[in-house]
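Enquirer: what's the 3D shape of this:
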Amino acid sequence: MIDFADFEKVDIRVGTVVAVDDFPEARKPAWKLTVDFGPEVGVKRSSAQITVHYGKEDLLGRQVMGVVNFPPRQIGKFMSEVLVLGLYDAGGAVVVIGPERAVPNGSRMC
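Expert: As a prediction, this is how the structure comes out:
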């Protein structure tokens, strides 16, 4: 169990995917995402192993949820700045989490 105060330390925000790039150097298939998290957080990049269900065209313009206050993580030669959130489906592929309706970029999960 954790205290609610511990949960509040995790800053989960919504952002819009503004670019999707190939990541051929990744050990597992992945995209390099550029996500606009609004004026307070800004534009951040993330490595995302979500190629099973999502092509570039599926992700571009899509709103996603991400943890924006983890330290950056080196993934090969790429620096991943945020953790885009998802859930595993029955086959073990990731399904991205996002709002059911459009909300302002940077909105914090409550």
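
Enquirer: quick one: residue 49 from residue 2, how far?
Expert: Computed as C-beta to C-beta, to the nearest Å, the residue 49 to residue 2 distance reads 26 Å. All C-beta atoms are positioned from the backbone trio N, CA, C, and that covers glycine.

Enquirer: which one's more surrounded, those two?
Expert: residue 49 (17 against 8; other C-beta atoms under 10 Å).

Enquirer: got the contact list for the residue nearest the centre of the chain?
Expert: In the chain, the residue lying closest to the centroid (C-alpha atoms, centre = their mean) is residue 84, at 1.9 Å. By C-beta atoms under 8 Å, 6 or more residues apart in numbering, the contact set of residue 84 is 33, 35, 46, 48, 50, 64, 65, 66, 96.

Enquirer: and if you look at residue 42?
Expert: So residue 42 contacts residue 36 (C-beta under 8 Å, 6+ apart).

Enquirer: mean confidence score for the top strand by length along the chain?
Expert: Across the chain, the strand with the greatest residue count (assigned by DSSP state E) is strand 12-22. On average, the pLDDT along strand 12-22 is 98.

Enquirer: with just CA atoms, put the helix or strand following that strand into PDB.
Expert: Once strand 12-22 ends, the next helix or strand along the chain (criterion: DSSP states H and E) is strand 31-36. What follows is strand 31-36, C-alpha atoms only, in PDB (Å, rounded to 0.1, in the frame of the first residue of the first chain):
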ATOM      1  CA  TRP A  31       8.400   4.300 -32.400                       C
ATOM      2  CA  LYS A  32      10.000   7.500 -31.400                       C
ATOM      3  CA  LEU A  33       7.100   9.700 -30.400                       C
ATOM      4  CA  THR A  34       7.100  13.500 -30.000                       C
ATOM      5  CA  VAL A  35       4.200  14.600 -27.700                       C
ATOM      6  CA  ASP A  36       2.900  18.100 -27.000                       C
END
